[in-house]
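Asker: I would like the atomic coordinates for the input below:
(chains A, B, C and D)
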There are 2 protein chains.
Amino acid sequence: MTAYLGDLEQLILLALLRLGPAAYGVAIAEQLADRAGRETSLGAVYKTLTRLEQKGYVRATMGDPTPERGGRRKRYYQLTPAGRKTLGASLDAIRRLSAGLGRLIPEES
Amino acid sequence: MTAYLGDLEQLILLALLRLGPAAYGVAIAEQLADRAGRETSLGAVYKTLTRLEQKGYVRATMGDPTPERGGRRKRYYQLTPAGRKTLGASLDAIRRLSAGLGRLIPEES
DNA sequence: TCGTATTTCTACGACAAAGGCGAATATTAT
DNA sequence: ATAATATTCGCCTTTGTCGTAGAAATACGA
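Answerer: The predicted structure is shown next:
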């Protein structure tokens, strides 16, 4: 019954933390591209968000219309406690496997 | 043409680094379970190793028979330069998204 | 002010890739 | 032969991908 996060799910949950209250679909996709170098389509992001919501790792609230040119209302996301916990477990698995590897562990220059 | 690693692929590549020359299927699965808390079947591990090999991220060499009770010969794996590079990119994406989050970032106690 | 264009954001649908698991198979020693 | 250890196979579920369609908001000209 212990479920694991896919790699995109992981990155999106991190992006959520980073963006805080400004986390909605488009901003998340930009964050992934700009900060993480992970190019992905909006479709992939939205689908993953929906899945995360169904799993209870994330919850959404509708934003108000903004005074900008066009645009539908934004759907803002934030982590639930369950999401936090699962993300923590996921990151910890990586941390524990990486620990003590020293310069064996590859870095992007 | 830029391909991304799945989460299990990531963990397995890390386990490879950690195990060094002793990295073969069963040992890798144990490492995942014991160190990372990632319970998975041997089938999943082997399938992933095969995929990683096809992608050129890993290469395999057959070991000699051991003086133990029974058992087929082991197939040892190690990272290729391409594998190192891709793993590095993958870990970096996480690092960059995590950076500066302070105590926002969840930890397993 | 009505209607249409334009912009921004989200949802859908069909498919590809990755992960999961149990059972089957191979190889080695006793 | 039997038992032990390691790997492969087949089938299925879950995730990821992408293009396209749809919805909701503003701007603007008639």
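
Asker: okay, now A:R95: neighbour count?
Answerer: 13 (other C-beta atoms under 10 Å in any protein chain shown). Just so you know, the C-beta spots here come from the backbone N, C-alpha and C atoms, and that holds for glycine as well.

Asker: Distance check, it against DNA strand D.
Answerer: 19 Å (C-beta to the nearest atom of the strand, to the nearest Å).

Asker: Could you tell me how far A:L32 is located from DNA strand D?
Answerer: From A:L32 to DNA strand D the distance is 9 Å (C-beta to the nearest atom of the strand).

Asker: Enumerate every residue touching that residue.
Answerer: A:L11, A:I12, A:A15, A:R38, A:E39, A:T40, A:V45 (C-beta atoms under 8 Å, 6 or more residues apart in numbering or on different chains).

Asker: Of those residues, just say which sits nearest to A:P65.
Answerer: Nearest to A:P65, judged by C-beta to C-beta, of the contacts of A:L32 is A:V45 at 21.7 Å.

Asker: So which residues make contact with the biggest helix by length in chain A?
Answerer: Counting residues, the longest helix found in chain A (DSSP state H) is helix A:81-98. Residues outside helix A:81-98 that contact it (C-beta under 8 Å, 6+ apart): A:3-5, A:10, A:13-14, A:52, A:56-58, A:79, A:105, B:7, B:10-11, B:14-15, B:18, B:31, B:35-38, B:91, B:94, B:98, B:105-108.

Asker: Counting only strands, which of the residues you listed make the cut?
Answerer: Those of these mapping onto strands are A:V58, A:L79, per DSSP state E.

Asker: Filter the contacts of helix A:81-98 down to just the ones in helices.
Answerer: Filtering those for helices - DSSP H - leaves A:10, A:13-14, A:52, B:7, B:10-11, B:14-15, B:18, B:31, B:91, B:94, B:98.

Asker: ok, which of these also contact DNA strand C?
Answerer: The subset of the ones in helices among the contacts of helix A:81-98 within reach of DNA strand C, by C-beta under 7 Å from any atom of the strand, is B:D7.

Asker: what two of the ones in helices among the contacts of helix A:81-98 are the furthest from one another?
Answerer: Applying C-beta to C-beta across the ones in helices among the contacts of helix A:81-98, the maximum distance is between A:L52 and B:R18, 29.7 Å.
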